[in-house]
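> Next one to model:
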Amino acid sequence: MTLPRNLLLLVSVFPFLLPGPARADAPVKVRLLRVQQVGATTYFHVRFDAPADLLDAAIRPGPYAEAERRALALTPMLVPQDGKTSAVYQRLDLEHFRPNVQFRDRAEIPPIDGLEFAGKLDGAGKAKFVLLYPTTTKEKAPPGIQDKELAKLLRPTRWREVPIEMDFAKSDALPAKANLEKLWAHAQASRFAVLEAQAPQTGFFGFACAATGRKYGVPDPALEGERLTADEHVHRKMFDLTTGALAITESLALK
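Residues are numbered from 1 along each chain as shown. Now for the predicted structure:
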């Protein structure tokens, strides 16, 4: 069956805008927990055994179609549930869309093993989180759809919701050359790179990614180059003009 272009766009958008409800799952095992204070800030790094049903959606460099851009939202999140932690990002292995010619020396970032996150620790003792992650399982299609192929395409991804408690007083020993500040900064820059690819019409996330890389000396990848034509910018320019978003972006670029 050949679907109309507008219907294909709806199909590509619908599953990611309306994901399936998160469901409680069995506990996820913490394999490694490290803490390090750098200046006035304390950072932590946690590694979990990857759940068996985790949707492993490797992020490749663009350019992206709209469906691929929305698929970038299918990444796990470790959400703090109290005031003891903040700025928690998943560690991602991202490839720059341009060849890496090593113009600048970069800190060596340890490889990712399993499901890893880095964040800031604002307290001591135990902290609570909720791990949200997409699974390989699909929810049921919306009711009332007769066409089987369309119903299959509209099945949203099922998400899992796992409560987690970590005791930072029982953290593991740090290697001699460990630098959790750079490891966290790399995770933050990677997150900004993904957000930049999801929202290429704004310059904020690209600026934030580059600024993080420059400040902490970590890789600041760009997942795709500019590929939007002038016609595609028209509706976004109207939004920028009426909300002041363009002025904010230009001010950030200037400063």
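> got the end-to-end distance for stretch 150-161?
Length of stretch 150-161, first residue to last, Cα to Cα, to the nearest Å: 28 Å.
> Actually, stretch 199-208.
Distance across stretch 199-208, first residue to last, is 13 Å (Cα to Cα).
> for stretch 34-42, same thing?
Counting by Cα to Cα, you get 11 Å between the two ends of stretch 34-42.
> Please list the residues outside it that contact it.
43-46, 120-122, 168, 171-174, 178-181 (Cβ atoms under 8 Å, 6 or more residues apart in numbering). C-betas here are computed from N, CA, C, even on glycine.
> Kindly recompute the last result at 7 Å.
Residues outside stretch 34-42 that contact it (Cβ atoms under 7 Å, 6 or more residues apart in numbering): Tyr43, Phe44, His45, Lys120, Leu121, Phe168, Ser171, Asp172, Leu174, Ala178, Leu180, Glu181.
> any idea of the mean pLDDT in that stretch?
Mean pLDDT, stretch 34-42: 95.
> And it, what's buried?
By 16 or more other Cβ atoms under 10 Å, the buried positions in stretch 34-42 come out as Arg34, Val35, Gln36, Thr42.
> And the third one, its phi and psi?
When you say that, I think you mean Gln36. The phi and psi values for Gln36, taken as degrees, to the nearest 10, are phi -150, psi 130.
> Once you drop chain neighbours, what's closest to it?
Among residues not flanking Gln36 along the chain, Leu180 sits closest, at 4.1 Å (Cβ to Cβ, 6 or more residues apart in numbering).
> what separates that neighbour from Asp56, distance-wise?
Leu180 sits 25 Å away from Asp56, going by Cβ to Cβ, to the nearest Å.
> Please enumerate the strands of the stretch 151-255 of the chain.
157-167 (DSSP state E, counting those that start in this stretch).
> now it, which segments are flagged as low pLDDT?
151, 226-243, 245-246, 249-250, 254-255 (pLDDT under 70).
> again, only this time at 80
For the stretch 151-255 of the chain, applying pLDDT under 80 flags the ranges 151-155, 225-255.
> Not counting sequence-adjacent ones, nearest residue to the most centrally placed residue in the chain?
Closest residue to the average C-alpha location of the chain: Arg191 at 4.6 Å, with Cα atoms, centre = their mean. Nearest residue to Arg191 in three dimensions, chain neighbours excluded: Tyr89, at 4.5 Å (Cβ to Cβ, 6+ apart).
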